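Asker: have a look; sequence and predicted model below, questions after that.
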Protein chains: 2
Amino acid sequence: MVANEVRGHLSMGKGNHKVPLELFALNRRRLADKLKEQKLGNAIVILQGGKDKSFYDTDVNYVFRQESYFMWAFGVLEPDCYGTVEVETGKSTLYISRLPAEYAVWMGPLWTTQEVKNKYGVDEVHYVDELKELLLNKSPKLLLTLKGLNTDSGLIAEEASFEGIDKFTVDNTILFPIIAELRVIKTHFELEVMRYVVKASSEAHRKIMRHAKPGMFEYQCESEFLNHCYGERGCRHASYTCICGSGTNGAILHYGHAAAPNDRQINNGEMCLFDMGANYFGYAADITCSYPVNGKFTPDQKLIYEAVLKANLAVQKAAKPGVSWVDMHKLSSRTLLEALKAGGLLKGDVDEMMKACLGYYFQPHGLGHLLGLDVHDVGGYLPGQPARPTEKGPNRLRFARNLLEGMVVTIEPGCYFIDVLLDEALADPKLSPFFVPEVIARFRNFGGVRIEDDVYISATGVEDLTKVPRTVEEIENWMAGKDDHKYN
Amino acid sequence: MVANEVRGHLSMGKGNHKVPLELFALNRRRLADKLKEQKLGNAIVILQGGKDKSFYDTDVNYVFRQESYFMWAFGVLEPDCYGTVEVETGKSTLYISRLPAEYAVWMGPLWTTQEVKNKYGVDEVHYVDELKELLLNKSPKLLLTLKGLNTDSGLIAEEASFEGIDKFTVDNTILFPIIAELRVIKTHFELEVMRYVVKASSEAHRKIMRHAKPGMFEYQCESEFLNHCYGERGCRHASYTCICGSGTNGAILHYGHAAAPNDRQINNGEMCLFDMGANYFGYAADITCSYPVNGKFTPDQKLIYEAVLKANLAVQKAAKPGVSWVDMHKLSSRTLLEALKAGGLLKGDVDEMMKACLGYYFQPHGLGHLLGLDVHDVGGYLPGQPARPTEKGPNRLRFARNLLEGMVVTIEPGCYFIDVLLDEALADPKLSPFFVPEVIARFRNFGGVRIEDDVYISATGVEDLTKVPRTVEEIENWMAGKDDHKYN
């Protein structure tokens, strides 16, 4: 790109989505407006961007990804920056590294502050070594830094720091809940980016459904997925490590990690459970498709698949602003248990099953999570929001609040046959009466099914951003090479 | 894979290379033997393996890669381990995390210590929480930990630590230079892995040479390269961020970083400079190919390309055990300057050019580097080895020692037209007389050429592991769809 051209957007070219700079400007404006309500006087928000991470003590770095709060506010792709937003005026300033002239040899022509201003559309750009003095000149009443708990990881967001920050009055409590809550509600600009990245990931999933064949290794599907998302759609990163479980690996929720790197050969007759999502300029997709590798469901596969699909669709029908996410989890769970009972795996009263938390033993994870710049997006258990449920099953939810217009969430019911959980349940006199042991035994090596959609909560309900075949018939048709134009 | 099967190797299946566990056992034996020469009594080497790295404060981790010293000694693919080698007996022990039973739901069946012993072929496996007691029982005279400077990054290898290490006499100076030096010389097992990963990367480069077309974006070539290496050859990681520079981007040595993410559209008539290498079970390839995107060299492109190729071949012919790498750099530099003079870009006496360090202005990087588990492999400036040269040009070398049989190094001369360096040279009265300004002007937007091979230093000379078209004729033929079976 030409560095001093004002493009007004971020894009990977090739007709791929243009992320407008207004997206970030609007986020900053929302932030300043919200903080102004707090009557903080001339407070200044200061965020510190991400740094390069080296591979241990070597000079190889991981491919850089911007920290999500900084991305949300500034859209900056490079490491080692600071950004400020002045609460009273909304004025935004970026501070970039002053690189030695010699870096041009390694990094390309060094951008001027004017070029960076043009690229990111902020009000001013200066160098990090000017940060302290320029901030002192503004005599802010408060510097607002970002510190708070990520309730998914248990880690703490690392607040901005710089030499001389002790000259300022710093508050690290006000900003976090406000900016996290703003991230929960997606603007129309953000929705368009997410629509794009979910569409791109949907396309790639559809491609893999036809690419997967008995005898292939799971990682070949991962590789082709990543290639489609990057080469065709400009998504350099995946939002998380691809989970490409076949056969019994479908029942390993975080399969794909270092000890189990999608390295199994897929056998004819087995189910695939592929959970993969691309990332476009920070924004995440997170989609799971489950299907038989050979393109034809067996009756047992159909039974479990349709049970999960029922749960998914029940939630898609019921979810809308004001509805409790915990209730949606329970609706999903109940729908699944009813279907498993109808299918002959369970017996007894479904109300009693619900009281006994039986759903947990088939789906030991929450129904879904907020989605945005993080795949498990922030805003789950903020102060003032409903606390984590204590009941087995719902206690795995990453948020327990009521749905709001503007949220993007995943709806991802699943049904897994996990030995350690089945053994536990069968040994429990409160749970074992619900099981039909000889039928459960038939499914011991089934693996699992998860059907995960990324949906936007609109004023009236759910808009499913995911565009993949979902019914048994749709999947079989698609894998047989039909319906080419149905999902565009 | 079946966890309790003794496989005797690490592999990604699909007929891809099997990395024998003997590779790591031999490395441990070499280490114990070398340390025994130091008469340390019952000393015990303790290495700490790598840990997962999260993406900032979130619950998403980077795909785990093992720390290279730990990989060299144990071949272990999972995070959070320790390993010991007892110097007197050579006995090896792995210490793994004791995971809560519940982890099986997320990670798959938890392996027993016996299963890990079978997988990695060490003498014993215990849990990390037993480390202190078991080590105390052995009453080692010394614990040898790994601490030392990585001369490429300036970072320090992080030495092992655990609760209770203060109960031992710890030495963190003896181990580093010895293990680093052992890593410099590749065993026949290691050579076979490197042969494989260089072959796989060569194949992928050849594929991209035919894939690249005017109008494509650079990252599409990166994506396809990664896909071939992973999907076809089981290499989950690249050894470094792909550098896919087209046109003037070819003159940006570390192009491809976050601020310049291979996002330019490649124009007809331009050169590509693609520096990409896969990684297989830790072992790195590092190959650069340079060619016109449309498959036909212009006379100017041919001129520069053949100048660099001459330099590359001169080094390949001269390099062998006992030869100084600094001399090889100078040979390359001289060859290039002679060719540029013959091509009309330079004038005057080449000896004088060499004295004036003119080579630096066309190639501001070293001739090549050691290659192994790190792409810039360790062993560069160890104590007792020749220090970094002070002369402009050779001072960019990552090692300055004499070649030894068993080294794997890159030979990667280049010629770049970098404005900031050309301007500097043209303004320097000692340098400017060598330039033919009107010819240099013609090349200002040329970009660059680099020709990088991965070679093994054998007893008698160089074995080039890289299998790609290298002459102008070979490249033009290959890109025209000919010579399909020539490089296998």
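Answerer: Sure, I can see it. Residues are numbered from 1 along each chain as shown, chains lettered A, B, ... in the order given.

Asker: wait, what's in contact with A:Arg450?
Answerer: A:250, A:273, A:275, A:288, A:290, A:308, A:412-414, A:416 (Cβ atoms under 8 Å, 6 or more residues apart in numbering or on different chains). Backbone N, C-alpha and C define where each C-beta goes, glycine included.

Asker: by neighbours, which of those residues wins?
Answerer: Among those, the one with the most neighbours (other Cβ atoms under 10 Å in any protein chain shown) is A:Pro413, at 32 neighbours.

Asker: excluding chain neighbours, what is closest to that one?
Answerer: A:Ala311 (3.9 Å; Cβ to Cβ, 6 or more residues apart in numbering or on different chains).

Asker: residues of the helix or strand hosting the one you found that come out buried?
Answerer: Using DSSP states H and E, A:Ala311 maps to helix A:299-318. Neighbour counts over helix A:299-318 (16 or more other Cβ atoms under 10 Å in any protein chain shown) mark A:301, A:303-316 as buried.

Asker: circling back to that earlier point, what pLDDT is listed against the residue nearest to A:Pro413?
Answerer: Here the pLDDT value assigned to A:Ala311 is 98.

Asker: ok, now the one 3 residues further on?
Answerer: Reading off the per-residue confidence, A:Ala314 sits at a pLDDT of 98.

Asker: how far away is it from A:Ser333?
Answerer: 10 Å (Cβ to Cβ, to the nearest Å).

Asker: cool, and A:Gly384?
Answerer: Distance from A:Gly384 to A:Ser333, by Cβ to Cβ: 27 Å.

Asker: these two: which has the busier surroundings?
Answerer: The neighbour comparison of A:Gly384 against A:Ser333 (other Cβ under 10 Å) goes to A:Ser333, with 24 against 8.

Asker: dump the residue contacts of the closest residue to the more buried one other than its chain neighbours.
Answerer: Closest residue to A:Ser333 apart from its sequence neighbours, by Cβ to Cβ, 6+ apart: A:Gly359 at 3.3 Å. By Cβ under 8 Å, 6+ apart, the residues touching A:Gly359 are A:332-334, A:336-337, A:353, A:393.

Asker: related to what we said a few turns ago, output the contacts of A:Arg450 in TSV, with pLDDT appended to each entry.
Answerer: TSV is the format used below for those (pLDDT from 0 to 100):
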residue	pLDDT
A:Gly250	97
A:Leu273	98
A:Asp275	98
A:Thr288	98
A:Ser290	98
A:Val308	98
A:Glu412	98
A:Pro413	98
A:Gly414	98
A:Tyr416	98
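
Asker: related to what we said a few turns ago, can you name the residues in contact with the helix holding A:Ala311?
Answerer: Against helix A:299-318 from outside (Cβ under 8 Å, 6+ apart): A:271, A:290-292, A:297, A:328, A:331-333, A:335-336, A:339-340, A:343, A:367-368, A:411-415, A:442-443, A:446, A:449-451, A:453, A:455, A:461-462, A:464, A:470-472.

Asker: can I get the CA coordinates of that helix in CSV?
Answerer: Extracted C-alpha coordinates of helix A:299-318, given in CSV (Å, rounded to 0.1, in the frame of the first residue of the first chain):
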residue,chain,number,x,y,z
PRO,A,299,-29.2,-44.1,11.5
ASP,A,300,-27.3,-43.7,14.8
GLN,A,301,-25.4,-40.7,13.4
LYS,A,302,-28.7,-39.2,12.2
LEU,A,303,-30.3,-39.7,15.6
ILE,A,304,-27.6,-37.9,17.6
TYR,A,305,-27.1,-35.2,14.9
GLU,A,306,-30.8,-34.4,14.8
ALA,A,307,-31.1,-34.3,18.5
VAL,A,308,-28.4,-31.6,18.7
LEU,A,309,-29.9,-29.7,15.7
LYS,A,310,-33.3,-29.6,17.5
ALA,A,311,-31.6,-28.1,20.5
ASN,A,312,-29.8,-25.5,18.3
LEU,A,313,-33.0,-24.6,16.4
ALA,A,314,-35.0,-24.4,19.6
VAL,A,315,-32.6,-21.8,20.9
GLN,A,316,-32.5,-19.9,17.6
LYS,A,317,-36.3,-19.6,17.8
ALA,A,318,-36.5,-18.5,21.4
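
Asker: the residue nearest to A:Ser202 when sequence neighbours are not counted: how many residues sit nearby?
Answerer: Nearest residue to A:Ser202, sequence neighbours excluded (Cβ to Cβ, 6+ apart): A:Lys467, at 4.1 Å. Other residues near A:Lys467 number 19, with proximity taken as other Cβ under 10 Å.

Asker: distance check, A:Lys467 against chain B.
Answerer: Distance from A:Lys467 to chain B, counting by Cβ to the nearest Cβ, to the nearest Å: 22 Å.

Asker: where does A:Trp72 land in three-state SS?
Answerer: helix (DSSP: H, G, I helix; E, B strand; the rest coil).

Asker: how many neighbouring residues does it have?
Answerer: A:Trp72 has 26 nearby residues by other Cβ under 10 Å.

Asker: got the residues of the stretch 151-300 of chain A near chain B?
Answerer: Contact residues (Cβ under 8 Å from any Cβ of the partner chain) of the stretch 151-300 of chain A with chain B: A:152-153, A:155-158, A:217, A:219-220, A:222-224, A:226-227, A:230-232, A:234, A:236, A:239-241, A:249, A:252-255, A:257-261, A:263-265.

Asker: re the thing from before, just put the contacts of A:Arg450 in JSON lines and tack on distance to A:Val197 and secondary structure.
Answerer: Formatted as JSON lines, the contacts of A:Arg450 follow (distance: Cβ to Cβ, whole Å; DSSP: H, G, I helix; E, B strand; the rest coil):
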{"residue": "A:Gly250", "distance to A:Val197": "25", "secondary structure": "helix"}
{"residue": "A:Leu273", "distance to A:Val197": "21", "secondary structure": "strand"}
{"residue": "A:Asp275", "distance to A:Val197": "15", "secondary structure": "strand"}
{"residue": "A:Thr288", "distance to A:Val197": "15", "secondary structure": "strand"}
{"residue": "A:Ser290", "distance to A:Val197": "21", "secondary structure": "strand"}
{"residue": "A:Val308", "distance to A:Val197": "24", "secondary structure": "helix"}
{"residue": "A:Glu412", "distance to A:Val197": "17", "secondary structure": "coil"}
{"residue": "A:Pro413", "distance to A:Val197": "22", "secondary structure": "coil"}
{"residue": "A:Gly414", "distance to A:Val197": "22", "secondary structure": "strand"}
{"residue": "A:Tyr416", "distance to A:Val197": "27", "secondary structure": "strand"}
